[in-house]
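A.B. asks: this one's sequence-less:
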């Protein structure tokens, strides 16, 4: 059995990988109802000004500001209410000297008016109002195009569409958008030791219940992709080669787990021209990448780390997503030591500004993933962090 | 037009609402492939020990620890390799005095052995190995049930199922789980001023492009629910009453926007026995709740705040989710002032430990939602926060 001669530093491997991935060109036009979580494939410009007209920003009275300049608590200005409108209506009455029109938030400012006074700030008696303080020109008015100008870019290519983004699109009259096709991500799991059905005798003899496929399917869905599962394969060179070729031809990206090390039965890496194989990450050292294929470990915790350190960024680049996971500052509740020369992926439970490291021996212990909600990383040149030290947590 | 006589403090209104919501009883059994993002409806126990047997935690040689106690760099202990196995295999050879079995991570520990030495730490010559330092009993062994014991609860009722949770379930042989039925959430939008198609002349006359429905559908999907849209209704008392009754009878929760204030055309609140109507939240003051119906504002930014301050928690309770949004500490990049007596919802852009407040005048400006990725809240008794002050951000 060969060993890795040299582990490539994480950032160097990451750069080789990310430079090799190209945005997929295919674009789909979808309705807003289908667009949640999809990635915009082009900049979107507003077809209208917003607001589309000068409108009131409050419920109150549209006035000529000049009429109110002399208004004081002890010397109110009297104005006559010449029209009253409700939401969605338009007053055809011009506001002339000494007049006012009652309106609601969002109503178009009537001709002649240049300011609005809030209804709470006047006294009303019959069709008269008494204004107690001056209204400045433009006060409580949202001017045409103040929020968005016609032709202005309102959402950029790469935007991951959220509910409020869809609302913005609809508010300017856009009902369909161009989004990136979802990348098809082939998932291949290999290993003679894997079984799918609970069988205590098989487990006793050394078999393992396969659990990487369901995890990878879920992660791919979370990060912009559409998983395509190619099954659990035995450690058979020709079967693996054939399925890998099929997955490569049908998918935008392929993830193959197991067989990434250099054991006699580790075939996967032999059929792909890898840009790197073996990096400083821990767990997950044997990770390899080339030709849009990730060769991943067999142990779930290693696969999970490899996904978060490499694969999710590949998926984001395939769809051209403006993707930058939020990094959150936290204080460690316990010391975390790290091996010099390794880029460690440490699971943590983040709560109330504190990060509790979740470390258990063995990269197979999935329960450690379940007990965590994010991770920190420790670069190669660090021996770790002290209790109470500030770290940056990335949420899953 | 009546005004709100008294605004109920946010926390008091929240408690009335949350106490009134009951977990929906219906449970569905789904395969793991369908379970991502669903909520576990019962505690799940492991049907097996994990590991299911004492197994090696490294690639190396299974030995009797006693045989190695005298091993030193200058006086290696020689052992005979009597068997070699690969992943998923079991050695039938007993490890007796002076013997060793070569095995891989995850292999069952052969009979007689009680420790494993890593392959990097021995010299191999033919079928002999030379052990350079002592192996402690139990060293590099993962014992049966060390991670999970048979019958132990591995995931609790209320868990929001993530990829790693599904992986854990599959790793102990569980392939189907009981999850809460998704709540049906009726969405009703009201307002004579609303149009659906871009029509510049209609906009000029004061109409508004409706954009709450697409936002609420997206938010409901993000927070455990299934939206059911009942359309955009005119401000017609009998039509609103009829649709509201229909939605109440068909759905677990109903959201009705527009008409939550006390204008002549604000009908929605008249058909529901509200536990509260009018709270200190800003924006979104006129929010009301009763009989599993939320009466929301018409302005998208107010609706968005009402959803995050009330509705998402109602949805989490309906499905019994163990839901607690992460609060992230950040320093404000600018002063934020707040009205005494109001519970303010302030949108922010969080990045690198800093929170930039996104404030624009007018609760209708959806672009302010688009420019933010989370929010902070300012309680009723505070006049706001200073630049540089530490605040807690909740991500959308």
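C.D. replies: Nice, I can see it. Values in this document were obtained by computation on a predicted structure and should not be read as measured data.

A.B. asks: low-confidence ranges in the stretch 1-150 of chain A?
C.D. replies: A:1-3 (pLDDT under 70).

A.B. asks: can you list the residues of it near chain B?
C.D. replies: A:1, A:3, A:32-33, A:36, A:47-48, A:51-53, A:55, A:57, A:85-90, A:104-108, A:119, A:142, A:147-148 (C-beta under 8 Å from any C-beta of the partner chain). Any C-beta I mention is one placed from the backbone N, CA and C, and that applies to glycine too.

A.B. asks: show me where chain A has its helices.
C.D. replies: A:10-20, A:65-68, A:163-171, A:200-204, A:212-222, A:237-250, A:300-306, A:312-318, A:367-370 (DSSP state H).

A.B. asks: which stretches in the stretch 101-250 of chain A count as strands?
C.D. replies: A:115-118, A:122-125, A:128-131, A:141-142, A:153-155, A:176-180, A:184-190, A:194-195, A:208-209, A:226-233 (DSSP state E, counting those that start in this stretch).

A.B. asks: who touches the nearest residue to residue A:80 once chain neighbours are set aside in this structure?
C.D. replies: Using C-beta to C-beta, 6 or more residues apart in numbering or on different chains and skipping the chain neighbours, the partner closest in space to residue A:80 is residue A:99 (5.4 Å). By C-beta atoms under 8 Å, 6 or more residues apart in numbering or on different chains, residue A:99 lies in contact with A:63, A:64, A:79, A:80, A:81, A:82, A:93, A:112.

A.B. asks: the third one: neighbouring residues, count only.
C.D. replies: Going back to what we said before, that points to residue A:79. Residues lying near residue A:79 (other C-beta atoms under 10 Å in any protein chain shown) number 25.

A.B. asks: now do the same contact list for it.
C.D. replies: Applying C-beta under 8 Å, 6+ apart, the residues near residue A:79 are A:61, A:63, A:67, A:98, A:99, A:100, A:128, A:129, A:131.

A.B. asks: tell me the buried residues within those.
C.D. replies: Among the contacts of residue A:79, those scoring as buried are A:61, A:63, A:67, A:99, A:100, A:129, A:131 (criterion: 16 or more other C-beta atoms under 10 Å in any protein chain shown).

A.B. asks: let me see the contact set for residue A:392.
C.D. replies: Counting by C-beta under 8 Å, 6+ apart, residue A:392 has contacts A:327, A:328, A:329, A:330, A:376.

A.B. asks: which members of the residues you listed additionally contact chain B?
C.D. replies: A:327, A:328, A:329.

A.B. asks: select from these the one having the most neighbours.
C.D. replies: Highest count within those by other C-beta under 10 Å belongs to residue A:328, 25 neighbours.

A.B. asks: surely that residue and residue A:393 touch.
C.D. replies: Yes. Residue A:328 is within contact range of residue A:393, at 4.7 Å (criterion: C-beta atoms under 8 Å).

A.B. asks: how does chain A divide up, domain by domain?
C.D. replies: Under the assignment automatic domain parsing, the domains of chain A span A:10-25+A:182-318, A:28-49+A:158-180, A:55-142, A:327-395.

A.B. asks: between those domains, which one is nearest to residue B:269?
C.D. replies: Closest approach to residue B:269 among those (C-beta to C-beta): domain A:55-142, 16.0 Å.

A.B. asks: end to end on that closest one, go ahead and measure it.
C.D. replies: 5 Å (C-alpha to C-alpha, to the nearest Å).

A.B. asks: need the contact list for residue A:155.
C.D. replies: A:40, A:43, A:44, A:161, A:165, A:168, A:169, B:370.

A.B. asks: most neighbours, which of those?
C.D. replies: Ranking these using other C-beta under 10 Å puts residue A:168 first, with 29 neighbours.

A.B. asks: please give me every residue in contact with that residue.
C.D. replies: A:154, A:155, B:211, B:366, B:367, B:369, B:370.

A.B. asks: ok, back up a step: mutual contacts of residue A:328 and residue A:393, please.
C.D. replies: In contact with both residue A:328 and residue A:393: A:350, A:374, using C-beta under 8 Å, 6+ apart.

A.B. asks: quick one: which of the contacts of residue A:99 sit in strands?
C.D. replies: A:63, A:79, A:80, A:81, A:82 (DSSP state E).

A.B. asks: which ones are touching the third one?
C.D. replies: The one in question is residue A:80. Applying C-beta under 8 Å, 6+ apart as the definition, the contact partners of residue A:80 turn out to be A:98, A:99, A:100, A:127, A:128.

A.B. asks: quick check: the third one touching residue A:60?
C.D. replies: No. Residue A:100 is beyond contact range of residue A:60, at 9.1 Å (criterion: C-beta under 8 Å).

A.B. asks: before we move on, the earlier item: in TSV: the contacts of residue A:392, plus pLDDT.
C.D. replies: Shown next, in TSV, are the contacts of residue A:392 (pLDDT from 0 to 100):
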residue	pLDDT
A:327	91
A:328	95
A:329	93
A:330	95
A:376	97
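
A.B. asks: among those residues, which one sits closest to residue A:353?
C.D. replies: residue A:330 (5.7 Å).

A.B. asks: burial count for that closest one?
C.D. replies: By other C-beta under 10 Å, neighbour count at residue A:330 equals 23.
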